[in-house]
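**Q** okay, structure incoming, though there's no sequence with it:
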């Protein structure tokens, strides 16, 4: 008889509403999560991830684009995240004993949605984004393919973000250069799924638009045909009279 090892993650969510300007209220959030092999620590503001700890590369990450005036977290933020992981793992041991026979709630993720960061142009560097939401517990596992071949270079997965109903949503991105005929796939795995979910995206060329000059040309041609037809019937009428 085979024994299945279940990965359990404990997540602590701290959320509040801050009045930071006369424009209105802003909601900030802090998420701490840990399991026997993974960890998460992130800050968010108004539904956007502002900073998260990358424990694999041992650094803090600010995922906002460089061209916006984004918030910067001071020195020691990553070290604080590491310390919080130790506390989280101690709490996890206590929770595992307390909820040993407690059934784990599971909600499957939505079907993946794939879109490009910018309008796709063949030969121009771009980013594919894959998004799922509504799942519990976190996280989901993303994987990418190009023409049925696994791709890891240029891929990145954000930390899970908490929805208002307590479920999670998560993104994964892949840097790529669109080429005609290429087909990309995003696959999502989760504890609540019997089999992975996959969505494909292929490189297409948008047909050129028909401009006003073409419509004017068509209209002029139709008009000339109308004049010619009218002249023909006028001449035939005079011959019969």
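**A** Thanks, I have it. All values derive from a computational prediction rather than experimental measurement.
**Q** domains in this protein, by residue range?
**A** Under automatic domain parsing, the residue ranges defining each domain of the chain are 10-98, 113-202.
**Q** return the most buried member of those.
**A** domain 113-202 (a mean of 16; mean count of other C-beta atoms under 10 Å). From N, CA and C alone the C-beta is placed, and that goes for glycine too.
**Q** spit out the contact partners of residue 45.
**A** By C-beta atoms under 8 Å, 6 or more residues apart in numbering, residue 45 lies in contact with 26-29, 71.
**Q** in the sheet, who's paired with it?
**A** Under the criterion DSSP bridges, residue 45 forms beta bridges with residue 28, residue 48.
**Q** then residue 162?
**A** residue 168.
**Q** any idea how far it is from residue 72?
**A** Residue 162 is 23 Å from residue 72, where distance means C-beta to C-beta, to the nearest Å.
**Q** could you pull up the mean pLDDT of the helix or strand harbouring residue 173?
**A** Residue 173 is part of strand 168-176, with elements assigned from DSSP states H and E. When pLDDT is averaged over strand 168-176, the result is 94.
**Q** how about low-confidence regions in the protein?
**A** 1-24, 65-70, 101-103, 205-241 (pLDDT under 70).
**Q** so where do the helices sit in it?
**A** 77-98, 212-240 (DSSP state H).
**Q** picking that back up, now the domains of the chain as a markdown table including distance to residue 104?
**A** Formatted as a markdown table, the entries for the domains of the chain read as follows, by distance: least, C-beta to C-beta, whole Å:
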| stretch | distance to residue 104 |
| --- | --- |
| domain 10-98 | 11 |
| domain 113-202 | 7 |
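**Q** nearest to residue 105, of those?
**A** Counting by C-beta to C-beta, residue 105 lies closest to domain 113-202 out of the domains of the chain; the figure is 6.3 Å.
**Q** from the chain's centroid, how far away is that closest one?
**A** 6 Å (C-alpha atoms, centre = their mean, to the nearest Å).
**Q** tell me which two of the contacts of residue 45 sit farthest apart.
**A** Checked with C-beta to C-beta, the contacts of residue 45 reach their widest spread between 27 and 71, with 14.3 Å between them.
**Q** start and end of stretch 125-141, how far apart?
**A** Taking C-alpha to C-alpha, to the nearest Å, stretch 125-141 runs 25 Å from one end to the other.
**Q** before we move on, the earlier item: what is the strand holding residue 173 packed up against?
**A** strand 126-135, strand 141-146, strand 155-157, strand 161-162, strand 183-189 (3 or more C-beta pairs under 8 Å, 6 or more residues apart in numbering; DSSP states H and E).
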